[in-house]
Each structure stands twice: as C-alpha cells, then as structure tokens.
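Engineer: I'll drop the sequence and a predicted model, then ask my questions.
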Amino acid sequence: MSDYFAQVQASAARYPDRRSAVLEALRLAQERHDGWLPDEALREVAETLEVTPAYAKAIASFYDMLHLEPVGRHLVEVCTNLACALVGAQRVVEAFESGLGVHAGETTEDGGITFRTVECLGGCGYATVVAVDHRYREFVNADDVPRIVTEVRGAQS
C-alpha cells in the first residue's frame, strides 16, 4: 500500500462520510505531482476515496490553493478582495506584473515564478496581503514589490 493511499485512508477514517477527506487527499496529491493536479492526480483521489474524478475536479477548481495547471517553482499571490483592494491591491498587482514581466495568472518564461491574484488570503486587517510560497507578507504596497521580486528571484538560484 502506498504512503499516499495510507495517508488518505487515515484521513477518511476520521469522517462519517469518506468524501469529507477530499481536501486533504487533493492537497497530498498536489504535493506528489509537483504542485499541481493533473488528470492523473484527480483520478488517484477519486479512486482512493471512491468518488468520481469530476467530483474531485469540482472541489479542486473551487479552492485557490489547489492548482489544475502547472505552477512555477515559486508562487506569488496577491489578495484582491475588498479590504486589500481598498488599500491599493491593484497597484501591488501592477507592480508585480511589471517586476516579473508576466500578467496575473501566468508563469515566467523560465518556469520559476507563477504570479496569481486570489480572492482572499484571510488577512483583511493586514491588507494588502501577499503570499510568497505560502508565507504571508502583510501591509504590502507597490513600493515593496521590487524587493520581494528580488528576493524571490534570488531564491531561484
């Protein structure tokens, strides 16, 4: 029995309905597949939890932290929800687009950095929130972006 299968089974055993473990199963599958969920990963989740691949894909497509397309080695995400928007999230987005040379939703040519906007990072009191490789930066403004881009590019080497 694979480690993945065992982990998902242990998670599913905690719930009265096995489907409740789908987020954990998708997260684990994404880790196994270089940070994204190809069709193969969705089929693995479906088979392990005895659900349809369509069910797994429907759940995966809803959550920002799950990726249905390949992502770069580094992930930069800017919250654009209301609290962040009110304090300049769009200017932060534009600064990242300029600094990285890609638009939101794209990956740099070298495959190093994927830049995305997301609906909410849950830090409304710390707006604008930027997540770099799932680590939050708070109170980010456009002037902070060049330093962040330099840090992320430096982490690629």
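Structural biologist: Structure's in. What do you need?

Engineer: Phi and psi next, for the residue nearest in space to the middle of the chain.
Structural biologist: Against the mean C-alpha coordinate of the chain, by CA atoms, centre = their mean, the closest residue is residue 65 at 3.3 Å. Main-chain torsions, residue 65, degrees, to the nearest 10: phi -80, psi 0.

Engineer: What distance do you get for it to residue 83?
Structural biologist: 19 Å (CB to CB, to the nearest Å). Using the backbone N, CA and C atoms, a C-beta is placed for each residue, glycine as well.

Engineer: Ok, residue 112 next?
Structural biologist: 30 Å.

Engineer: how does this structure divide into domains?
Structural biologist: Domain assignment for the chain, taken from automatic domain parsing, gives 3-62, 74-156.

Engineer: would you list these in CSV and tack on mean pLDDT and mean neighbour count?
Structural biologist: What follows is those, written out as CSV (pLDDT from 0 to 100; neighbours: other CB atoms under 10 Å):
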stretch, mean pLDDT, mean neighbour count
domain 3-62, 93, 17
domain 74-156, 96, 17
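
Engineer: Residue 73: how many residues sit nearby?
Structural biologist: A count of nearby residues for residue 73, using other CB atoms under 10 Å, gives 17.

Engineer: what's near enough to touch the closest residue to it other than its chain neighbours?
Structural biologist: Closest residue to residue 73 apart from its sequence neighbours, by CB to CB, 6 or more residues apart in numbering: residue 112 at 5.4 Å. By CB atoms under 8 Å, 6 or more residues apart in numbering, the contact set of residue 112 is 72, 73, 74, 153, 156.

Engineer: What distance do you get for residue 112 to residue 102?
Structural biologist: For residue 112, the distance to residue 102 - CB to CB - is 10 Å.

Engineer: Perfect, I'm done here.
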